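> Got a predicted structure plus its sequence, pasted below:
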Amino acid sequence: MKKVLFVCVENAGRSQMAEAFFRKYLPSGFEPISAGTKPAEKVNLIVIQAMKEIGIDIEKNSPQSISQQMIDEAKIAVNMGCMDEEACPALFLRDVTDWQIQDPKGKSIKEVREIRNQVEQRVKELVSQLQ
């Protein structure tokens, strides 16, 4: 299985959405994982709500720290964008693709829906490239 690593600082919003969408559109032979450099205690509640609205439940997901093993095993690494330049996952990854997607933290549900739709579109584009 080829691993696709989605990263952001807290692993509480964008990278969780990307992992969930990648699972939904999963191309054969690939497996998604998401992580962060400074993981939050839990997934952002508004992100959970926005994903539930479209039938994807990530409520039981937990943010996790990026590990050297994840980095080493990743065939593809995608950085969602950085809010914290010192903890930006792109600093620790080689051959990383940066999507520059806005952080949903502190945003309204309307803004989070827009971010969700943007993440879904980028994941669909990635999946089509892999097929």
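Perfect, I can see it now. Residues are numbered from 1 along each chain as shown.
> residue closest to the middle of the protein?
residue 15 (1.4 Å; Cα atoms, centre = their mean).
> That one: what's it in contact with?
Neighbouring residues of residue 15 by Cβ atoms under 8 Å, 6 or more residues apart in numbering: 6-8, 34-36, 80. Every C-beta, even on glycine, is put in place using the N, C-alpha and C of the backbone.
> Mark which of those are part of helices, please.
Among the contacts of residue 15, none falls in helices (DSSP state H).
> can you redo the residues you listed as a markdown table with distance to residue 74, pLDDT and neighbour count?
Shown next, in a markdown table, are those (distance: Cβ to Cβ, whole Å; pLDDT from 0 to 100; neighbours: other Cβ atoms under 10 Å):
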| residue | distance to residue 74 | pLDDT | neighbour count |
| --- | --- | --- | --- |
| 6 | 10 | 96 | 30 |
| 7 | 9 | 93 | 29 |
| 8 | 15 | 90 | 36 |
| 34 | 11 | 97 | 28 |
| 35 | 10 | 95 | 21 |
| 36 | 14 | 93 | 24 |
| 80 | 14 | 91 | 30 |
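> need these in CSV with distance to residue 53, can you?
Below are the contacts of residue 15 laid out as CSV (distance: Cβ to Cβ, whole Å):
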residue, distance to residue 53
6, 20
7, 25
8, 21
34, 20
35, 25
36, 24
80, 20
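> Show me which pair in those is furthest apart.
35 and 80 (11.1 Å; Cβ to Cβ).
> shared neighbours, these two?
Common neighbours of residue 35 and residue 80 (Cβ under 8 Å, 6+ apart) are 6-7, 15.
> Output those as TSV; include the columns distance to residue 129.
Listed next are the shared contacts of residue 35 and residue 80 as TSV, based on distance: Cβ to Cβ, whole Å:
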residue	distance to residue 129
6	15
7	19
15	19
